[in-house]
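A.B. asks: Quick one: sequence and predicted model below, then my questions.
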Amino acid sequence: MITDFIDWQDKQHPDYVSCKLPVFAPEMPHFKVRLDLQCHVRTRPMRSSFTLIFTERIFALDVNPGLTHTNRINGRRAVIRGTHWTRWPCDVAELDCRDLEHQQWFNHFLQAANIAFLGRYEHPPYLPEQIELNL
């Protein structure tokens, strides 16, 4: 369960924002679980990631990533380009071709991770580059 609200923070790189949300597991209150959100604020379509951390990355969704993921299964390599899910040990990516908005991806991630969200959703800021042409 997440009770905190989303509070986007600037990262060291000016094109990224992030948010770290503690996840409370009532059955195991001593577990330290966290949901890390990250977004690139200038690209369209928006690049974002949702990562569940329990001492290491255990479940993730990368939306419109800038890099590819290479699956190595039975001696074969398959390159995954585009939005994908990974589950611990996060070495195999599952492609997801849907075209959704950030809040929809967030809701799908929470549903897949079986996390109740009781906080307040805040859409990540978007700062498109402005190019002025003087004609």
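C.D. replies: Happy to help now that I have it.
A.B. asks: By mean pLDDT, point me to the weakest helix or strand of the protein.
C.D. replies: strand 69-73 (a mean of 85; mean pLDDT, DSSP states H and E).
A.B. asks: List the buried residues in the following helix or strand past it.
C.D. replies: Using DSSP states H and E, the next helix or strand after strand 69-73 towards the C-terminus is strand 76-80. Buried residues in strand 76-80, counted by 16 or more other Cβ atoms under 10 Å: Ile80. The C-beta positions use only the backbone N, C-alpha and C, and glycine is treated the same way.
A.B. asks: same question, stretch 3-22
C.D. replies: Those would be 4, 6, 8, 16-17, 19, 21, for stretch 3-22 by 16+ other Cβ under 10 Å.
A.B. asks: TSV for those, including pLDDT?
C.D. replies: Below are these laid out as TSV (pLDDT from 0 to 100):
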residue	pLDDT
Asp4	94
Ile6	95
Trp8	96
Tyr16	93
Val17	96
Cys19	97
Leu21	97
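A.B. asks: how about JSON lines for those, with secondary structure and distance to Thr68 added?
C.D. replies: Formatted as JSON lines, the buried residues of stretch 3-22 follow (DSSP: H, G, I helix; E, B strand; the rest coil; distance: Cβ to Cβ, whole Å):
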{"residue": "Asp4", "secondary structure": "coil", "distance to Thr68": "33"}
{"residue": "Ile6", "secondary structure": "coil", "distance to Thr68": "28"}
{"residue": "Trp8", "secondary structure": "coil", "distance to Thr68": "27"}
{"residue": "Tyr16", "secondary structure": "strand", "distance to Thr68": "19"}
{"residue": "Val17", "secondary structure": "strand", "distance to Thr68": "23"}
{"residue": "Cys19", "secondary structure": "strand", "distance to Thr68": "25"}
{"residue": "Leu21", "secondary structure": "strand", "distance to Thr68": "28"}
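A.B. asks: Tell me which two of those residues sit farthest apart.
C.D. replies: Asp4 and Tyr16 (19.9 Å; Cβ to Cβ).
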